[in-house]
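Asker: build the 3D model from these lines:
(one chain, ligands or ions: 1)
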Amino acid sequence: RQQEQEVFEERHLRFISHLGKGNFGSVDLCRYDPLGDNTGELVAVKQLQPNKQANMADFQKEIQTISSLHCDYIVKYRGICYSAGRRVHTLVMEYLPYGSLIGYMEKCKHTLNTRRLLLFASQICKGMEYLQSLRYVHRDLAARNILVAGDTLVKIADFGLTKIVPFDKEYYRVTQFGESPIFWYAPESISEYKFSHKSDVWSFGVVLHELFSFCELSRNPKRRIGSDIQGPMMGAHLHNVLKDNWRLPVPAMCPPKVYSMMMQCWAYTSEDRPTFFHLQDLIESSLQDERE
Ligand SMILES: CC(C)(Nc1nc(-c2c[nH]c3ncc(Cl)cc23)ncc1F)C(=O)NCC(F)(F)F
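Answerer: Next up, the predicted model:
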């Protein structure tokens, strides 16, 4: 359905601070303050990076994607802002004050128990179920792309790399990688550039590992494997060790059932990985164990 796009007037967008750089764009915190009395709402505003390899078409697709998503576990689209030349150059999204999951985990790791980590996992899983129901493949599911809306709510964000799986195939093949670190990639994504709901499930397993290791590893990814190998060799090296069944070690304090879930997401053969629907049941059953 063509969501009526709320148009924001550039002159009422007051810059507050720079939030960060995502795929193809940078995002700023702004206040949309048409009354000019600071009573306006805070919004996250994403501009297309002029020099980035991305072009206007990718940005338009990202806007098309995010404006079609209506889910409690996905960052909300608010509207667009036209520049003078009537070319869309700004995507306006809701601002989530708690920031990215990595920063939140760093700050609050001592207050997060297994139940809360499983609640976050369940919400990300529900967001991914919703994406899959629309045949979207996120392709960049990682803790750095999860936002915290509150102490009991997280949302998936950054749809710069999201693609729709063609109706006649179960996967989407890209021509070249973006800038995402390959560490979240399934083996078939590394070796054949194939992305599917099953490769998103692999990445979900890595997000589970990030959650239960409080994003320790995500802060210095080099330390995980062969930190000396760089560039294209890293892809081949990582693919080989995965083929030889190397996997991330069980995080300290991680319940066995949760590690078993991660290992199922990391099945080398994509068909052997669980669906997000099945993962939801596994998470619910782990939550049940925590209640007893
Ligand atoms: C590139 C950008 C800005 N990075 C950051 N956003 C926010 C941040 C904090 N609150 C936010 N509310 C909305 C949005 Cl879109 C971002 C933020 N906080 C820290 C960031 F590094 C981002 O988009 N990251 C992907 C995301 F975290 F959103 F998945």
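
Asker: please, where are all the strands along the stretch 151-292 of the chain?
Answerer: Using DSSP state E, counting those that start in this stretch, the strands of the stretch 151-292 of the chain run over 153-156, 163-164, 172-173, 194-195.

Asker: confirm for me that Pro166 is in contact with Tyr172.
Answerer: Yes: between Pro166 and Tyr172 there is a contact at 7.0 Å, judged by CB atoms under 8 Å. To be clear about C-beta, it is placed using only N, CA and C from the backbone, and glycine gets the same treatment.

Asker: so for those two, which sits in the more crowded spot?
Answerer: Using other CB atoms under 10 Å, the more surrounded residue of Pro166 and Tyr172 is Tyr172, with 19 against 11.

Asker: OK, contacts around the more buried one?
Answerer: If you count contacts by CB atoms under 8 Å, 6 or more residues apart in numbering, Tyr172 has them with 137, 139, 163-166, 194-196.

Asker: helix or strand with the lowest mean pLDDT in the chain?
Answerer: Least confident helix or strand, the chain: helix 216-219 with a mean of 74, by mean pLDDT, DSSP states H and E.

Asker: output it as CSV, restricted to C-alpha atoms.
Answerer: Taking C-alpha atoms only, helix 216-219 is exported to CSV below (Å, rounded to 0.1, in the frame of the first residue of the first chain):
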residue,chain,number,x,y,z
GLU,A,216,32.7,-8.3,23.6
LEU,A,217,33.8,-9.7,20.3
SER,A,218,32.0,-7.1,18.2
ARG,A,219,34.3,-4.4,19.5
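
Asker: what residues of that helix count as buried?
Answerer: Across helix 216-219, burial judged by 16 or more other CB atoms under 10 Å covers 216-218.

Asker: distance from it to the middle of the chain?
Answerer: What separates the centre of helix 216-219 from the centre of its chain is 16 Å, taken as CA atoms, centre = their mean, to the nearest Å.

Asker: where does the stretch 51-200 of the chain have low pLDDT?
Answerer: Within the stretch 51-200 of the chain, the segments meeting pLDDT under 70 span 51-54, 85-88, 177-180.

Asker: for Leu134, see how far away whatever residue of the stretch 1-150 of the chain ends up closest to the ligand is.
Answerer: Residue nearest to the ligand within the stretch 1-150 of the chain: Gly20 (2.6 Å; CB to the nearest ligand atom). Relative to Leu134, Gly20 is positioned 26 Å away (criterion: CB to CB, to the nearest Å).

Asker: Val43 now?
Answerer: As judged by CB to CB, Val43 and Leu134 stand 24 Å apart.

Asker: those two: who's more crowded?
Answerer: A count of neighbours by other CB under 10 Å puts Val43 above the other of Val43 and Leu134, at 20 against 13.

Asker: thought the more buried one was touching Cys30?
Answerer: Yes: the criterion here is CB under 8 Å, and Val43 meets it with Cys30 at 5.6 Å.

Asker: can you check which residues contact both of those two?
Answerer: Each of Leu13 lies in contact with both Val43 and Cys30 under the rule CB under 8 Å, 6+ apart.

Asker: which parts of the stretch 51-200 of the chain are helices?
Answerer: Along the stretch 51-200 of the chain, the segments classed as helices by DSSP state H, counting those that start in this stretch run 56-67, 101-108, 114-133, 187-192, 197-212.

Asker: from those, which stretch is densest packed?
Answerer: Highest mean neighbour count among the helices of the stretch 51-200 of the chain (mean count of other CB atoms under 10 Å): helix 197-212, with a mean of 24.

Asker: distance between that one and the chain's centre?
Answerer: Averaged C-alpha coordinates place helix 197-212 at 10 Å from its chain's average position (CA atoms, centre = their mean).

Asker: and the closest residue to Tyr104 other than its chain neighbours, how far from Leu211?
Answerer: Excluding the flanking residues, the one nearest Tyr104 by CB to CB, 6 or more residues apart in numbering is Val148, at 4.4 Å. Separation of Val148 from Leu211 (CB to CB) stands at 12 Å.

Asker: show residues contacting the longest strand along the chain.
Answerer: For the chain, the strand with the greatest residue count under DSSP state E is strand 13-22. Applying CB under 8 Å, 6+ apart, the external contacts of strand 13-22 come out as 26-33, 40, 42-46, 49, 81, 90, 92, 100, 145, 157-158, 160.

Asker: now list the buried members of those residues.
Answerer: Listed as buried from the contacts of strand 13-22 are 27-32, 40, 43-46, 81, 90, 92, 100, 145, 157-158, 160; burial here means 16+ other CB under 10 Å.
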